[in-house]
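[1] Give me a 3D structure for the following:
(chains A and B)
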2 protein chains.
Amino acid sequence: MIYDTLTQPTLILDEARCKANIHRMCRKANEQGVVLRPHFKTHQSKIIGRWFRDLGIDKITVSSVGMARYFADDGWKDITIAFPVNVRQIDEIKALSAQVRIGLLVLDADTLDILGKNLNDPVSIWIKIDVGTHRTGIDPAQSNSIDALLDRLAHYPQLSFGGFLAHAGHTYHSRSVMEVQRIYGHSLAVLLDLKKKYVTSFPELSISLGDTPGASMVEQFGLVDELRPGDFVFYDLMQEEIGACQMDDIAVAMACPVVAVHPERKQWIIYGGAIHFSKDFLLMEDGRKCFGRMVNVTDHSWSAADTMNNPYLISLSQEHGVVQCTDQNFDLCRPGDISLWLPVHSCLTADAIGAYINTMGTPIDHYRRRVYE
Amino acid sequence: MIYDTLTQPTLILDEARCKANIHRMCRKANEQGVVLRPHFKTHQSKIIGRWFRDLGIDKITVSSVGMARYFADDGWKDITIAFPVNVRQIDEIKALSAQVRIGLLVLDADTLDILGKNLNDPVSIWIKIDVGTHRTGIDPAQSNSIDALLDRLAHYPQLSFGGFLAHAGHTYHSRSVMEVQRIYGHSLAVLLDLKKKYVTSFPELSISLGDTPGASMVEQFGLVDELRPGDFVFYDLMQEEIGACQMDDIAVAMACPVVAVHPERKQWIIYGGAIHFSKDFLLMEDGRKCFGRMVNVTDHSWSAADTMNNPYLISLSQEHGVVQCTDQNFDLCRPGDISLWLPVHSCLTADAIGAYINTMGTPIDHYRRRVYE
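    Got it, this is the predicted structure:
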């Protein structure tokens, strides 16, 4: 079995769970006539990207210019870079726009000028709207800012207006279906108001929303044109806590050797730390942090059935993880055993370790691969 | 100037500051007749390692078997792997022990048996002692456990007893010189007691302590044999807050393009997020988090003079950083500018991004390099 062969922290991808997550989201969007433009920053993998393509997906979202190039090289032809344009990368953006259709996020007129003066090929320009996350985006009440951008856009015929795009990232602070639905409803209403106002001048404009809690927990997507969730491809403990998935939907787990046990405080030490998991955590009811939860190894994957009663990661150093056990589960592992851990935030965990293997041991690529010199 | 050429988040190494940090620590250890066995997990770089070698250092510490191999390949001959032995890597450990002298940390007799039965070449065995951090190590009061390990060790002539090793990681929770000195004094006393007890049977045994706050803030190291600090090579905001360094000693800074500004809340958005900085933070007095602080660009490096009045990173997403400014400093940057950020925890930041350039633009290697596919 695959786990027997492992010697170091290794991120295991359960393809069946991952494909079920992809299938479910594609079907849901498809049934409602909404374009699914999945965010590929979670998996950052050509191989996993192709599983989406097999289901008819032909538009994607990424978070950097380099990631767009990586997927363009694998045949993706319609890519939104969901990050405010970094004008220092104008040469790369130009090269990419000559190769595929790209969508860019713009918040200010100076950036539009730089794009307009440097790009020759057709590009879609999205105006980023702040629907309440307050990370970035234009306040939808600032009509002047939006009008100024659209006026400037008109100077550059190769830049077409894609529409209004928002990320309702504040769903990550929610812990109930009703709250996520409320945020989704509000975000959609904001974008629909903008669409109504501008659709006469721009009949092709779309509105695009995207976050995994919303896309997972809202049943009726309403009149949104496009959804851009990403994390659902793997899910993780944070999504489970929000209510966006079941424990058994989580499609990645970190395999870590146990290297020491401390019966006096019912703790183990695993080889697996911040450089493998990243340092995102969940705060538990007792005020302690949780950096991961153990699942039980099975012959060909894992079982998430006992996860909430299993040991959990209470702290992470650079390469160590400290595991809190109870009297009941302390004896589950001994030094030399492999333990399996669901991550708190799968996007950052996949990026930290920069590689996967599937449950058969086959390597799966990642855009930001690690090379051990 | 180097910053003008940057297009993406880039970790800048100021060689002059770094070499001054190395020099200061080497001189301090040398003057007191203490062996400095620096921990290379912070920089993970052959090039930086050689700067230590140039000052006469010939013993080093690392945190993984792979990292030991990386430095062994660059000519290091005496390497302690300061992590509990992971018996799943026994083949790699065996290969390495045939190449160089390695030191291994052991906490249980079963692991000693596996080492004894598999290794042919001489290896130093260190017993890890818990001096109060409660991460890992044997409680020094458990004489039985220590005696049992030493009895077992005697079965394997190729395994020699190096001594007692501790990491006083709880200095990281301290915020005063007196508290760090108290922890150092206590840790040293624990190890000296053990030395006194066992030195007759093992006249060659050493005691080894290691943490950057202790090594930086304690003036008289006392009767310790060996020190293993690591972070001092770069220092960071956490060390500055503890009191282990001055802001101006910090030798790495992340250069990040500014991509958006939000005057209504005095915030900028930078291209630079969790995948570049890692997610360690400092809690500020007002309860807000700080993920990095801006320094001012100078012609050939940066000035840390205004750091506490400068903008700081209030949150990090995967690739975005949100910067909090004030009325006074909001205008320091505009979209397209490069901003420079001191990291909270330089070990994790260097590992996350996996590369450096110096202030002349020359690349500096890192063991866990990123390859953008």
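
[2] mind listing the helices for chain A?
    For chain A, the helices defined by DSSP state H cover A:15-31, A:46-53, A:65-72, A:90-99, A:109-118, A:143-153, A:177-198, A:212-217, A:237-242, A:274-277, A:346-353.

[3] Reformat the ones you listed as CSV; add mean neighbour count.
    Yep, even glycine has a C-beta here, placed from its N, CA and C like the rest. As requested, those are exported to CSV (neighbours: other CB atoms under 10 Å in any protein chain shown):
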stretch, mean neighbour count
helix A:15-31, 17
helix A:46-53, 19
helix A:65-72, 22
helix A:90-99, 17
helix A:109-118, 17
helix A:143-153, 15
helix A:177-198, 18
helix A:212-217, 27
helix A:237-242, 22
helix A:274-277, 25
helix A:346-353, 26
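
[4] and chain A, what are its domains?
    For chain A, the structural domains run A:2-11+A:246-364, A:39-229, going by automatic domain parsing.

[5] how close does residue A:77 get to residue A:56?
    Distance, residue A:77 to residue A:56, using CB to CB, to the nearest Å: 14 Å.

[6] need the contact list for residue A:295.
    A:253, A:302-304, A:306-307, A:310, A:340-342 (CB atoms under 8 Å, 6 or more residues apart in numbering or on different chains).

[7] now with 10 Å?
    Shown in contact with residue A:295 (CB atoms under 10 Å, 6 or more residues apart in numbering or on different chains): A:247-248, A:250, A:253, A:301-307, A:310, A:339-342.

[8] And the pLDDT for residue A:245?
    Per-residue confidence (pLDDT) for residue A:245: 98.

[9] and if you look at residue A:289?
    pLDDT, read off for residue A:289, is 97.

[10] what do you get for residue A:191?
    Value for residue A:191, per-residue pLDDT: 98.

[11] Check whether it really touches residue A:185, as I assumed.
    No. Using CB atoms under 10 Å as the test, residue A:191 is too far from residue A:185 to be in contact (11.2 Å).

[12] neighbour count winner among residue A:77 and residue A:56?
    Ranked by neighbour count (other CB atoms under 10 Å in any protein chain shown), residue A:77 and residue A:56 place residue A:77 first, with 13 against 9.

[13] Please name the residues that touch the closest residue to the more buried one other than its chain neighbours.
    Closest residue in space to residue A:77, ignoring its immediate chain neighbours: residue A:100 at 4.9 Å, by CB to CB, 6 or more residues apart in numbering or on different chains. By CB under 10 Å, 6+ apart, the contact set of residue A:100 is A:68-69, A:71-73, A:75-79, A:121.

[14] got the residues you listed as CSV, with pLDDT columns?
    Formatted as CSV, the contacts of residue A:100 follow (pLDDT from 0 to 100):
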residue, pLDDT
A:68, 98
A:69, 98
A:71, 98
A:72, 98
A:73, 98
A:75, 98
A:76, 98
A:77, 98
A:78, 98
A:79, 98
A:121, 98
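
[15] ok, is stretch A:146-156 in contact with chain B or not?
    No. Stretch A:146-156 does not reach chain B (CB under 10 Å from any CB of the partner chain); its nearest approach is 12.8 Å.

[16] quick one: contacts of that stretch?
    A:106-113, A:115-117, A:119, A:123, A:125, A:127, A:129, A:138-140, A:142, A:159-161, A:164, A:194, A:197-198, A:201-202.

[17] which among these are in contact with chain B?
    Okay, of the contacts of stretch A:146-156 touching chain B (CB under 10 Å from any CB), that's A:106-108, A:110-111, A:138-139, A:142.

[18] Now the buried members of the residues you listed.
    A:106-108, A:111, A:138 (16 or more other CB atoms under 10 Å in any protein chain shown).

[19] Quick check: of the residues you listed, which lies closest to residue A:171?
    residue A:138 (20.0 Å; CB to CB).

[20] which non-adjacent residue is nearest that closest one?
    That would be residue A:145: by CB to CB, 6+ apart, it lies 5.1 Å from residue A:138.

[21] Go ahead and confirm that neighbour touches residue A:108.
    Yes. Using CB under 10 Å, residue A:145 makes contact with residue A:108 at a distance of 8.6 Å.

[22] Between these two, which contacts overlap?
    With CB under 10 Å, 6+ apart as the test, residue A:145 and residue A:108 both reach residue A:138.

[23] What's opposite residue A:257 in the beta bridge?
    Beta bridges link residue A:257 to residue A:338 when assigned by DSSP bridges.

[24] Where do the strands of the stretch 251-373 of chain A begin and end?
    Taking DSSP state E, counting those that start in this stretch, the strands of the stretch 251-373 of chain A run over residues A:252-262, A:267-271, A:282-283, A:289-290, A:292-297, A:302-303, A:312-316, A:320-324, A:338-343, A:356-358, A:363-364, A:368-372.

[25] Pull up the pairing partners for the third one, direction included.
    Strand A:282-283 has these partner strands in its sheet, going by DSSP bridges: strand A:289-290 (antiparallel).

[26] From the geometric centre of chain A, which residue sits farthest away?
    The centre of chain A is farthest from one residue, residue A:264, which by CA atoms, centre = their mean lies 39.3 Å away.

[27] for it, what are its contacts?
    Contacts of residue A:264 (CB under 10 Å, 6+ apart): B:130, B:134, B:139, B:142.

[28] gap between it and residue B:314?
    Taking CB to CB, one finds residue A:264 at 40 Å from residue B:314.

[29] and stretch A:303-322, C-alpha only, in PDB?
    Taking Å, rounded to 0.1, in the frame of the first residue of the first chain, the C-alpha atoms of stretch A:303-322 are listed here in PDB:
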ATOM      1  CA  SER A 303     -11.800   7.300   6.400                       C
ATOM      2  CA  ALA A 304     -13.000  10.600   7.800                       C
ATOM      3  CA  ALA A 305     -15.500   8.900  10.000                       C
ATOM      4  CA  ASP A 306     -13.800   9.500  13.400                       C
ATOM      5  CA  THR A 307     -12.100  12.800  12.500                       C
ATOM      6  CA  MET A 308     -13.700  14.900  15.300                       C
ATOM      7  CA  ASN A 309     -12.600  12.300  17.900                       C
ATOM      8  CA  ASN A 310      -9.200  11.800  16.500                       C
ATOM      9  CA  PRO A 311      -5.900  13.500  17.500                       C
ATOM     10  CA  TYR A 312      -5.400  17.000  16.100                       C
ATOM     11  CA  LEU A 313      -2.400  19.300  15.400                       C
ATOM     12  CA  ILE A 314      -2.200  21.800  18.200                       C
ATOM     13  CA  SER A 315       1.000  23.600  17.000                       C
ATOM     14  CA  LEU A 316       3.400  23.700  14.100                       C
ATOM     15  CA  SER A 317       7.100  24.700  14.100                       C
ATOM     16  CA  GLN A 318       9.200  24.800  10.900                       C
ATOM     17  CA  GLU A 319       9.300  21.000  10.500                       C
ATOM     18  CA  HIS A 320       7.600  19.700  13.600                       C
ATOM     19  CA  GLY A 321       3.900  19.200  14.300                       C
ATOM     20  CA  VAL A 322       2.700  18.700  17.900                       C
END
